[in-house]
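K.L.:
kindly generate the corresponding structure for this input.
(2 chains)
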2 protein chains.
Amino acid sequence: MLGNFSYHNPTKLYFGENSLEFLNEELPKYGKTVQLIYGGGSVKKNGIYDAIVEILKKNGKTVVEDGGVMPNPTVEKLREGIRIARNNKTDLLLAVGGGSCCDYAKAVSVSVNCNEDPWDKYYIRFEEPDCEIVPVACVLTMAGTGSEMNAGAVITNHEQKLKIGHVFGTEVMPKFSILNPKFTMSLPVRQMAAGIYDIFNHICEQYFSGDDDNTSDYLAEALMKSVVNSSLVAVKNPEDYEARSNIMWSATWALNTLISRGKDTDWMVHMLGQAVGAYTDATHGMTLAAVSLPYYRHILPYGLKKFVRFAKEVWGVNSEGKTYTEVAEEGLEKMKQWMQTIGVTLSIRELGATEDMIEGIADATIILDGGYKVLNRDEVVDILKQSL
Amino acid sequence: MLGNFSYHNPTKLYFGENSLEFLNEELPKYGKTVQLIYGGGSVKKNGIYDAIVEILKKNGKTVVEDGGVMPNPTVEKLREGIRIARNNKTDLLLAVGGGSCCDYAKAVSVSVNCNEDPWDKYYIRFEEPDCEIVPVACVLTMAGTGSEMNAGAVITNHEQKLKIGHVFGTEVMPKFSILNPKFTMSLPVRQMAAGIYDIFNHICEQYFSGDDDNTSDYLAEALMKSVVNSSLVAVKNPEDYEARSNIMWSATWALNTLISRGKDTDWMVHMLGQAVGAYTDATHGMTLAAVSLPYYRHILPYGLKKFVRFAKEVWGVNSEGKTYTEVAEEGLEKMKQWMQTIGVTLSIRELGATEDMIEGIADATIILDGGYKVLNRDEVVDILKQSL
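P.N.:
Predicted coordinates:
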């Protein structure tokens, strides 16, 4: 049932092969100093960095370097980014990369003009930003997290072995994001697959809650089907522009709050995956893939009706002459086959997790209400063991 | 194929039974003088008018009356609204009603500070607004047009027998819209059905173009299925909150530019329906319903692959052992049965059109490129005759 909610998503999106051109339209709206945020340097190899710096200079901007953002951005790096922004009086945080760079830019944005340490304020106490933000914009080079059109930012604290996400307010959403599917093509296929599973799971996390007839669930199914169909094309031919563009566009709409309207949502796969990530530093999408099937098999009896719908609508399972449980399980089996086809991992052991880490990972798992079942700690441990 | 496009939709939506409360949050952001736009007075009977005036007064606003907006707002009424706004120095145009009121508010918005006549500037020459706009907000009492989250406004000129829509820029989109499904329940069932068909046809107009694999088409199918399923509940029990809320939410997303991203779109049913409307002043959704099947049967051979997909995905047609044309036609037959079930008309004669109007209606029909076929005038006449 669609209850009471609001929806507000003012991020402007520029999509397509020519979308970088629109930087010229947006840059004049912001001040002179642009903090250029990027990762390990792949954007320097593939020419995207140079193309952007050229546009920035043409628009009279002072470029402040902020490279080296790691796949799971750390609180130490975040503190460095805040120092850079303060020292240079940054006017615009321009993230060039995947979700890590966008997330990091947002975490810097809300912290620059704030005296308190961001980890304490946002990731331990989950407070709202009450200091003036610095505007954020993104040039996306990897499809997956949806960070380009939402207010979320995940930060990792290795010392405390915690990887925690926080959703800020609408004002922290990127002012604009540039989505060029061609930019995602330089990514290794394994990273592409991790991104695809991340997208798919974002949709699952919102879909697996409630049993009523809700427009959001129809939209979720549409996005899942589009991602699955395009992923099968993209793993065979990563240069297929149509498939890569559908994947990129679906990623944005999978996590920009649209399909969670009127939904309780679940998010336990992310809680489990993030805890695995805090211990292994593995790729986010892979951690989600590795824990998903054991988790969904575990909650299936509690959300049977929805798992039946999932099997029929998303995976085309023919329900004739079968019990509800058989139909639901066949859906998860088809999902497993798809995951194997696109090449995501089904085991946290492959990601570096070991038996002796299980208790620690369980401790680091934040237990939410879930869509159909509140897990207890023993269940978390069981699911993690089945994910080994 | 998702080509190059931008997406920017900053309208803030408040949804649900308690959504009117959020007027208290929004009103302080605007100046003192609120022009209260409404229709024939039904909002006075059902108490919505009083509830809103109370909130406006509590927030210290001066209320300027602008009632009597007709179902197909005329250019004469538009000129009156502009005069009211100028004389009172209106700070906020608050539309309370359906699409007609929202459309009208937007047409006033772009004209208040403009010397030229709005009909000439926007509806004959299709110019962009270049004068300062007055902000618009909506409290929606009827689901259908999607006007609550887009920049479009249809205006009728009876003297010239023309009903023309114009899409302004992002700045003309409502700043916020309040969507309370309960407000739509006081509507007569026939009006509800007309709104439902309007929603469905908005989706068709964007869906029936292109043959490639495009995320937008998956989203379009999701919205169509949600509307069809909820409409079957709502015609039996118009008080079903869940069904009415799904219909209201789908209406917004059916025409806020999302599902047209990367699509050529069609819009010929609207061109035909609007010409019928200019001659008969009939309810918009009914004019669309009356011309749809003859039009879609006519273009079916040119867009066969898409009509097959439509039949299978939206109407669950089993394609086994059938030709493509048989599958596609079975889809339209199921659509016809659905239209009859919800009670929309299949004949423009029922709406007041007569044989001798056909040539005039054909003259008033703006011929667009269409999704699969550019009509010539003879084809327009034929389709109108089949719609009689």
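
K.L.:
need phi/psi at the nearest residue to A:Leu375 once chain neighbours are set aside.
P.N.:
For A:Leu375, ignoring the flanking residues on the chain, the nearest one in space by C-beta to C-beta, 6 or more residues apart in numbering or on different chains is A:Ile367 at 5.7 Å. (Glycine included, C-beta is placed from N, CA and C.) Note on A:Ile367: its backbone torsions stand at phi -90, psi 110 [degrees, to the nearest 10].

K.L.:
now do the same contact list for A:Ile367.
P.N.:
For A:Ile367, the contact set (C-beta atoms under 8 Å, 6 or more residues apart in numbering or on different chains) comprises A:268, A:271, A:374-377, A:380.

K.L.:
now the residues you listed as TSV including neighbour count?
P.N.:
Formatted as TSV, the contacts of A:Ile367 follow (neighbours: other C-beta atoms under 10 Å in any protein chain shown):
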residue	neighbour count
A:Met268	29
A:Met271	23
A:Val374	11
A:Leu375	22
A:Asn376	10
A:Arg377	12
A:Val380	23
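
K.L.:
mind checking which of those residues are in strands?
P.N.:
Among those, no member is found in strands (DSSP state E).

K.L.:
could those be laid out in TSV, adding distance to A:Gly210 and pLDDT?
P.N.:
As requested, those are exported to TSV (distance: C-beta to C-beta, whole Å; pLDDT from 0 to 100):
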residue	distance to A:Gly210	pLDDT
A:Met268	15	98
A:Met271	19	96
A:Val374	15	97
A:Leu375	18	97
A:Asn376	22	97
A:Arg377	26	97
A:Val380	23	98
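
K.L.:
format those as TSV; extra columns: distance to B:Asn246.
P.N.:
As requested, the contacts of A:Ile367 are arranged in TSV below (distance: C-beta to C-beta, whole Å):
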residue	distance to B:Asn246
A:Met268	26
A:Met271	30
A:Val374	28
A:Leu375	31
A:Asn376	35
A:Arg377	38
A:Val380	35
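
K.L.:
how about the spatially most central residue of chain A: what's its closest non-neighbour residue?
P.N.:
Chain A has A:Thr145 as the residue nearest its centroid, 2.3 Å off, counting by C-alpha atoms, centre = their mean. The shortest distance from A:Thr145 to any non-neighbouring residue, by C-beta to C-beta, 6+ apart, is to A:Gly99 (2.6 Å).

K.L.:
shouldn't A:Lys306 be in contact with A:Asp212?
P.N.:
No: with contact defined as C-beta atoms under 8 Å, A:Lys306 does not count as touching A:Asp212 (10.1 Å).

K.L.:
more crowded one of those two?
P.N.:
Remark: of A:Lys306 and A:Asp212, A:Lys306 carries more neighbours, 20 against 12, as counted by other C-beta atoms under 10 Å in any protein chain shown.

K.L.:
flag the shaky bits of chain A, pLDDT-wise.
P.N.:
Residue ranges of chain A with pLDDT under 70: A:1.

K.L.:
most distant residue from the middle of it?
P.N.:
Going by C-alpha atoms, centre = their mean, the residue of chain A most distant from its centre is A:Gly321, 38.5 Å out.

K.L.:
count of neighbours near the residue nearest to A:Thr145?
P.N.:
29.

K.L.:
contact partners for it?
P.N.:
Per C-beta under 8 Å, 6+ apart, neighbours of A:Gly99: A:142, A:144-147, A:154, A:198, A:284.

K.L.:
returning to what we had before: what about the contacts of A:Ile367, which are in helices?
P.N.:
A:268, A:271, A:377, A:380 (DSSP state H).

K.L.:
surely the first one and A:Tyr372 touch.
P.N.:
No: with the criterion set as C-beta under 8 Å, A:Met268 and A:Tyr372 do not qualify as a contacting pair; they are 9.7 Å apart.

K.L.:
return every residue with contacts to both of those two.
P.N.:
Contact criterion C-beta under 8 Å, 6+ apart; residues shared by A:Met268 and A:Tyr372: A:Ile299.

K.L.:
distance of the residue nearest to A:Thr145 from B:Val63?
P.N.:
47 Å (C-beta to C-beta, to the nearest Å).

K.L.:
thinking again about what came up before, closest to A:Pro71 out of the contacts of A:Gly99?
P.N.:
Taking C-beta to C-beta as the measure, A:Pro71 lies nearest A:His284 of those, at 7.5 Å.

K.L.:
which parts of chain A are strands?
P.N.:
A:5-7, A:12-15, A:33-37, A:62-66, A:92-97, A:136-140, A:152-157, A:162-167, A:176-179.

K.L.:
in a markdown table: these, plus mean neighbour count.
P.N.:
Below are the strands of chain A laid out as a markdown table (neighbours: other C-beta under 10 Å):
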| stretch | mean neighbour count |
| --- | --- |
| strand A:5-7 | 18 |
| strand A:12-15 | 23 |
| strand A:33-37 | 24 |
| strand A:62-66 | 17 |
| strand A:92-97 | 28 |
| strand A:136-140 | 30 |
| strand A:152-157 | 23 |
| strand A:162-167 | 20 |
| strand A:176-179 | 26 |
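
K.L.:
just how off-centre is the helix ranked longest in chain A within its chain?
P.N.:
Criterion DSSP H: the longest helix present in chain A is helix A:215-236. The chain centre lies 16 Å from the centre of helix A:215-236; the measure is C-alpha atoms, centre = their mean, to the nearest Å.

K.L.:
do it and chain B come into contact?
P.N.:
Yes: applying C-beta under 8 Å from any C-beta of the partner chain, one finds helix A:215-236 in contact with chain B at A:215, A:218-219, A:221-223, A:225-226, A:229-230, A:233.

K.L.:
OK, contacts around A:Met339?
P.N.:
Applying C-beta under 8 Å, 6+ apart to A:Met339 gives the contacts A:197, A:289, A:292-293, A:346.

K.L.:
over to A:Val344?
P.N.:
With C-beta under 8 Å, 6+ apart, A:Val344 has these contacts: A:193-194, A:196-197, A:285-286, A:289.

K.L.:
let's go with 6 Å and repeat that
P.N.:
A:193, A:197, A:289 (C-beta atoms under 6 Å, 6 or more residues apart in numbering or on different chains).

K.L.:
what do you get for A:Val317?
P.N.:
So A:Val317 contacts A:311, A:327, A:330-331 (C-beta under 6 Å, 6+ apart).

K.L.:
could you work out the most separated pair of those?
P.N.:
A:Val327 and A:Gly331 (6.7 Å).

K.L.:
comparing the two, which residue is more hemmed in?
P.N.:
Between A:Val327 and A:Gly331, A:Gly331 has the larger neighbour count (other C-beta under 10 Å), namely 24 against 21.

K.L.:
could you find the closest non-adjacent residue to that one?
P.N.:
Leaving out its chain neighbours, the residue that sits closest to A:Gly331 by C-beta to C-beta, 6+ apart is A:Ala311, at 2.6 Å.

K.L.:
spell out which residues of chain A are next to chain B.
P.N.:
A:1-8, A:10, A:12-16, A:18, A:215, A:218-219, A:222, A:225-226, A:242, A:245-246, A:249-250 (C-beta under 6 Å from any C-beta of the partner chain).

K.L.:
are any of the residues you listed buried, and if so which?
P.N.:
Those of the residues of chain A next to chain B that meet the buried threshold are A:2, A:5-7, A:10, A:12-16, A:215, A:218-219, A:222, A:225-226, A:242, A:245-246, A:249-250, by 16 or more other C-beta atoms under 10 Å in any protein chain shown.

K.L.:
surely A:Thr252 touches A:Thr145?
P.N.:
No: using C-beta atoms under 6 Å, A:Thr252 and A:Thr145 do not qualify as a contacting pair, with a distance of 9.7 Å.
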